[in-house]
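Visitor: Predicted structure and sequence below. I'll ask about it afterward.
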Amino acid sequence: MLDIKYIRENPQKVKLAIASKGVDENLVDAVLALDEKKRQILLEIETIRAKKNQAEKKILEEPEEIKKKAIIGALKEVKEFLDKKEEELKKIILEYEKTLGLLPNLPQPDVPLGQDENDNVVVKTIAPKSKFSFIPQDYLTLAEKLDLIDVARAAKTSGSRFGILKREAAILEVALVSYVFNKLLKKGFIPVIPPALIKKDIFWGTGYSERNPQETYYIPTDDLYLIGTAEHVMIGMYYNEILKETDLPLRFVGWSSCFRREAGSYGQDTKGIMRVHQFDKVEMVSFTTAEQSDAEHKFLLSLEEEIMQDFKLPYEVRLICTGDLSQPAAKSFDIYTFLPGQNQGAGEYRETHSCSNCTDYQARRLNIKVKRGNKTEFVHTLNGTAIAIGRFLIALIENYQTKEGYIKVPPILWKYTHGLKIIK
RNA sequence: GGUGAGGUGGCUGAGUGGUUUAAAGCACGCGCUUGGAGAGCGCGAGUCGCCGCAAGACGACCGUGGGUUCAAAUCCCACCCUCACCGCCA
């Protein structure tokens, strides 16, 4: 949610900003019109209510029955009028909040203008150190030979766009989670295993529902949503709470399954587990003060890069352009990992991590504040991928493959795989 | 699922129809005191909206939504949530 005062004072800036994210700029005028109407009715109601309150106090001092009755009679008429006005106000507030909710967070000034992911800007490249002496194979070919990923049987039980991780792939997931929990625990993150179902208010509050409502699984019987990421729960945990300043930055790491309907992605990545309805992910989340959030954003990105470097994976960091930013994000970096087995061995960079500063956008929607001295203010929230298991496994399989079609286990994981050093 | 208790400000907690402008304590802010800190003392201070250059005025808010009443934190109804005990259960 945006600050209405800021919109009132800077309507042109807001229009430009939301247009750069591909959202209709006319929404700004709609919000301002509703805001004005709302304030006008509110003023009217409050003036009358002030008079009514004074009249009520007079009744106490009034000894004469006749005068009392006259006042009470007049008050009844006033009440009927107020009831009508209040009804009108309620409708306008509802419309106002709905419209205001449609406005996305504003991009920070250093975010490049652009339409879609093709306009994202590469800000750093860690290129592959050496080339394969053979033509590297596609992860799915390798994984199916070794019986690590079973898409066919997943289709049998669950339909298209599902995968079953088997044998060493399942062991690797547990190892990856242990490794990354261990790493982030040392950095002061609080580990969390969240529920997979959340309430409507929380889901709305994290700010992902408006732009692509069909993306989420919804269970009508219980009025609950399946989480698309552990972030939904980790941010939502503090709904309507006031945090202590000394607790900030407050950091969580959560491991959960993530559910995505992938509506509108027909034909993309239809094979394998690159794009599936359910995958597991370890996600980082931070709550900070307004001044801390830029530094925290860099910190989360640095952790993601550390993870990449622990595994000696080649990658690019891309600064996301305005048109590709999510609704709540003010600025995002993505990490694209090099997958040498794609394009018949020519290789390709694919998105494996993301890292966003949502400033106070989610905090306003969820009413999450921090007490600073005598005042309370909205916190800033950030999120970043630690390891998205499916895509990270793809990266490991393709980068650690051998000529024989085996897969080496990265040394950093040995301590978590109990002696497993190669998959064959 | 059953029974009972409860939901009040940053926190604990008093408040059963009208000077509640929500007591008190803790925490917080400013000042006094001190070489400095602490303790102590004094003062200030809820949130949101709205009008105003400002001082300040006004309105709303005591889990949420309705209702009763001239008047509701307080009475009534529904719902949500928390805690305790019981039942069931991986």
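Guide: Looks like it arrived, so ask away.

Visitor: How much space separates the residue in the stretch 1-150 of chain A that RNA strand B sits nearest to from A:Glu80?
Guide: RNA strand B sits closest to A:Ala50 of the stretch 1-150 of chain A, with a gap of 3.4 Å, by C-beta to the nearest atom of the strand. C-beta here means a position set from N, CA and C on the backbone, and glycine is covered the same way. As judged by C-beta to C-beta, to the nearest Å, A:Ala50 and A:Glu80 stand 18 Å apart.

Visitor: so what's A:Gln214 closest to, chain neighbours aside?
Guide: Nearest in space to A:Gln214, with sequence neighbours left out and distances taken as C-beta to C-beta, 6 or more residues apart in numbering, is A:Ala263 at 4.2 Å.

Visitor: beta partners of the residue of the stretch 101-250 of chain A found nearest RNA strand B?
Guide: Ranked by C-beta to the nearest atom of the strand, the top residue of the stretch 101-250 of chain A for proximity to RNA strand B is A:Ile242, at 4.1 Å. A:Ile242 has the following beta-bridge partners by DSSP bridges: A:Lys369.

Visitor: what's A:Arg260 in contact with, if anything?
Guide: Residues in contact with A:Arg260 (C-beta atoms under 8 Å, 6 or more residues apart in numbering) are A:215-216, A:228, A:277-278.

Visitor: any idea how far it is from A:Thr246?
Guide: A:Arg260 is 37 Å from A:Thr246, by C-beta to C-beta.

Visitor: Pull up the residues of the stretch 251-400 of chain A that are close to RNA strand B.
Guide: A:371, A:373-376 (C-beta under 7 Å from any atom of the strand).

Visitor: least confident pick among the residues you listed?
Guide: Lowest in pLDDT among those is A:Asn374, which has 70.

Visitor: Phi first, then psi, for that one.
Guide: A:Asn374 adopts backbone torsions of phi -90, psi 0, taken as degrees, to the nearest 10.

Visitor: Count the residues that sit near it.
Guide: A count of neighbours around A:Asn374, defined by other C-beta atoms under 10 Å, yields 5.

Visitor: Equivalent analysis for the one 4 residues further on, please.
Guide: Neighbours of A:Phe378 under the rule other C-beta under 10 Å: 21.

Visitor: confidence score at it?
Guide: On the pLDDT scale, A:Phe378 is placed at 88.

Visitor: you'd agree it is up against A:Tyr361?
Guide: No - contact criterion C-beta atoms under 8 Å: A:Phe378 and A:Tyr361 do not qualify, at 9.1 Å.

Visitor: Name the helix or strand for A:His232, please.
Guide: Per DSSP states H and E: A:His232 is located in helix A:231-236.

Visitor: who does that helix touch, helix- and strand-wise?
Guide: Helices and strands touching helix A:231-236, by 3 or more C-beta pairs under 8 Å, 6 or more residues apart in numbering; DSSP states H and E, are strand A:197-199, helix A:200-206, strand A:250-259, strand A:278-288, helix A:361-366, strand A:380-388.

Visitor: Run through the residues of the stretch 101-250 of chain A sitting next to RNA strand B.
Guide: A:Ile242.

Visitor: residue ranges of the strands in the stretch 101-250 of chain A, please?
Guide: A:121-126, A:149-150, A:164-165, A:190-192, A:197-199, A:218-219, A:224-226, A:242-244, A:250-259 (DSSP state E, counting those that start in this stretch).

Visitor: Include mean pLDDT and mean neighbour count when you put those strands into CSV, please.
Guide: Shown next, in CSV, are those (pLDDT from 0 to 100; neighbours: other C-beta atoms under 10 Å):
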stretch, mean pLDDT, mean neighbour count
strand A:121-126, 96, 13
strand A:149-150, 96, 22
strand A:164-165, 96, 20
strand A:190-192, 92, 14
strand A:197-199, 86, 16
strand A:218-219, 84, 12
strand A:224-226, 86, 20
strand A:242-244, 84, 14
strand A:250-259, 94, 21
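
Visitor: got those strands as JSON lines, with distance to A:Leu103 columns?
Guide: Output for these, formatted as JSON lines (distance: least, C-beta to C-beta, whole Å):
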{"stretch": "strand A:121-126", "distance to A:Leu103": "25"}
{"stretch": "strand A:149-150", "distance to A:Leu103": "41"}
{"stretch": "strand A:164-165", "distance to A:Leu103": "40"}
{"stretch": "strand A:190-192", "distance to A:Leu103": "30"}
{"stretch": "strand A:197-199", "distance to A:Leu103": "23"}
{"stretch": "strand A:218-219", "distance to A:Leu103": "23"}
{"stretch": "strand A:224-226", "distance to A:Leu103": "22"}
{"stretch": "strand A:242-244", "distance to A:Leu103": "25"}
{"stretch": "strand A:250-259", "distance to A:Leu103": "26"}
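
Visitor: I'm done for today, thanks for sticking with me.
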